[in-house]
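# kindly return the folded structure for what I paste below:
(one chain, ligands or ions: 2)
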Amino acid sequence: MPDVHVVVLAAGQGTRIKSARPKVLHRVAGRPMIAHVLAAARALQPRSITVVVGHRADVVKSALSESAGLIYVVQEPQLGTGHALLTTEAVLKDSTGTVILLSGDVPLLRPKTLKELLDCHHSTGAAATVLTAVVDAPHGYGRIVRSGERIARIVEERDATPEERKIREINSGIYAFALDGLFDAVRAIASENAQHEYYLPDLVAIFRQAGRRVETMTVANPDEIRGINSRAELAEVSRIVRQEKNNELMAAGVTIEDPATTYVDDSVTIAADTILHPGVSLEGRTTIGAGCEIHSGARIVDSRIGDHVTILNHCVITSSTIANNASIGPFAHLRPESDVRDHAKVGNFVELKRTVLGSRSKANHLTYLGDATIGQNVNVGAGTITCNYDGVTKSQTVIEDGAFIGSDTQLVAPVTVKQGAYVGSGTTVREDVPAGALAVSAGKQRNIEQWVELKKKSRGKS
Ligand code: UD1
Ligand code: CA
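Ligands and ions are numbered 1, 2, ... in the order given. Have a look, this model is predicted:
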């Protein structure tokens, strides 16, 4: 098997997407589109992966900083896809074997298809193999012009005659090239075309004229080679990815009531018999157990959810853990490092941050719990607030097992409510509460008899 080198083109500005952000960094299913391309490239286990950057090169490089082992070449100025490949000559000139050329804006390509392209290329010994697709709407793509059975050249939309524009076989922008003689051929590309650019697809005609073999391989599913040039195409491609993920989940036993409005990132896992209602977003490294029910409007990011958990409507949950049989929401906000243990309940308008809510404990209404460790079987009454921040430092609140916190309590941290203690409603807890004690801080209630009547009389006088 000859060596395989991958080149990914990502230097273009992407004018049509009209963005300050480089096009290849726009996200598809939660990841920059180029990250999808690189994942497919890695599946080939190539000897090298070279990324051609140019427009906002530093931004692209730093976005890919976690992607190890990439070689970058800078194409400046960006004179077209042929010119882009030429900039990799310094990296590849002493290599032999095959170059797989990928576009940073074609994110749906499957590793399986790339392997087939490679096999096809090697089996024919061609100088170039072009991955093509037959589509109903070829607009915007380069067209494959054949003479007889064989590919003769590729013509870009803008340079095509009305007759050529009717061709429905398109160039995916993905190719396999033999490295032998490749750069000499690339140097022969001219820029006499509508965009005055050096078009990589012109290699086809150049190789043919030189009597070298050019092959094509046509993908079975044209969706795979969709390129993203505009926001509308970004949305379409995202929808395809989403649909595929949803289909996979449903095949694995997850109920998705309305796949069209359910947004699950590729990286998310969900066990069987979980039900997703419409309008749910599950993002990043989220895992969800079996038999859960996630209601509309929930957004869950980088979180671990156990089995039989209920998430009611409109909860936002980030970097948190929720154990089996817990119930959250509606309208709860779990900020990073919230740790809700089994059978615990977080009710409406409750916010948690860096807080453990122990087994079978409840915070049902209108509460803020931050930097707190709450034991088991604790009842946190409505309107309880941990005053965790004094303007300078964050301090801890500890509520031990079985404690009962009355409504409208403020816990001024650092403070501990010991095991089984009670805190009366409306208490401002500034000192630790001993085990089994009752803490109250409000003064004795005073009733002013007939106040209402007296008030009315005094109003009448004025
Ligand atoms: C390209 C092909 C077209 C094909 C289509 C498939 C050319 C001339 N045309 O058109 O035949 O049907 O892809 O999606 O190649 N880039 C650089 N440097 C440059 C120009 C572009 O690195 O100087 C990169 C872009 O960042 C992008 C890729 O090359 O990732 C393709 O460029 P783009 O301008 O999107 O080409 P298309 O017009 O889509
Ligand atoms: Ca493109």
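# could you pull out the helices for the chain?
Along the chain, counting by DSSP state H, helices occupy 33-42, 57-63, 81-86, 89-92, 111-124, 162-165, 182-187, 203-209, 231-251, 451-461.
# how about those, which one is nearest residue 391?
In terms of Cβ to Cβ, the element of the helices of the chain nearest to residue 391 is helix 57-63, at 34.4 Å. All C-beta atoms are positioned from the backbone trio N, CA, C, and that covers glycine.
# would that closest one count as contacting ligand 1?
No: using Cβ under 6 Å from any ligand atom, helix 57-63 never reaches ligand 1; the gap is at least 9.4 Å.
# make CSV out of the helices of the chain and add mean pLDDT, distance to residue 5 and mean neighbour count.
Listed next are the helices of the chain as CSV, based on pLDDT from 0 to 100; distance: least, Cβ to Cβ, whole Å; neighbours: other Cβ atoms under 10 Å:
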stretch, mean pLDDT, distance to residue 5, mean neighbour count
helix 33-42, 97, 10, 22
helix 57-63, 97, 19, 16
helix 81-86, 98, 12, 24
helix 89-92, 98, 6, 15
helix 111-124, 97, 11, 17
helix 162-165, 98, 32, 11
helix 182-187, 98, 10, 17
helix 203-209, 98, 16, 21
helix 231-251, 96, 26, 16
helix 451-461, 91, 88, 9
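# show me what the closest residue to residue 201 other than its chain neighbours is bridged to.
Leaving out its chain neighbours, the residue that sits closest to residue 201 by Cβ to Cβ, 6 or more residues apart in numbering is residue 154, at 3.6 Å. Counting by DSSP bridges, residue 154 is bridged to residue 144.
# quick one: residue 101 and residue 7 touch, right?
Yes: at 5.1 Å, residue 101 and residue 7 qualify as touching, with contact defined as Cβ atoms under 8 Å.
# what touches both of those two?
Both residue 101 and residue 7 are in contact with residue 85, where contact means Cβ atoms under 8 Å, 6 or more residues apart in numbering.
# quick revisit: spit out the contact partners of the residue nearest to residue 201.
Residue 154 sits next to 130, 142-145, 171, 199, 201-202, 204-205 when contact means Cβ under 8 Å, 6+ apart.
# and the residue in the stretch 351-462 of the chain positioned nearest to ligand 1, how many neighbours?
Closest to ligand 1 within the stretch 351-462 of the chain is residue 353: 40.7 Å, counting by Cβ to the nearest ligand atom. Burial of residue 353 is recorded as 20 neighbouring residues (other Cβ atoms under 10 Å).
# so which bits of the stretch 1-150 of the chain are right by ligand 1?
So far as Cβ under 6 Å from any ligand atom goes, the stretch 1-150 of the chain lies against ligand 1 at 9-12, 24, 52, 54, 75, 78-81, 83-84, 103-106, 141-142.
# same list (the helices of the chain) but as TSV, adding distance to residue 390.
Putting the helices of the chain into TSV (distance: least, Cβ to Cβ, whole Å) gives the following:
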stretch	distance to residue 390
helix 33-42	42
helix 57-63	37
helix 81-86	56
helix 89-92	56
helix 111-124	54
helix 162-165	70
helix 182-187	65
helix 203-209	68
helix 231-251	45
helix 451-461	38
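# mind checking which of those helices is nearest residue 224?
Minimum separation from residue 224 across the helices of the chain (Cβ to Cβ) falls at helix 111-124, 6.0 Å.
# and stretch 317-327, how far out from the chain middle?
Chain-centre distance of stretch 317-327: 20 Å, with Cα atoms, centre = their mean, to the nearest Å.
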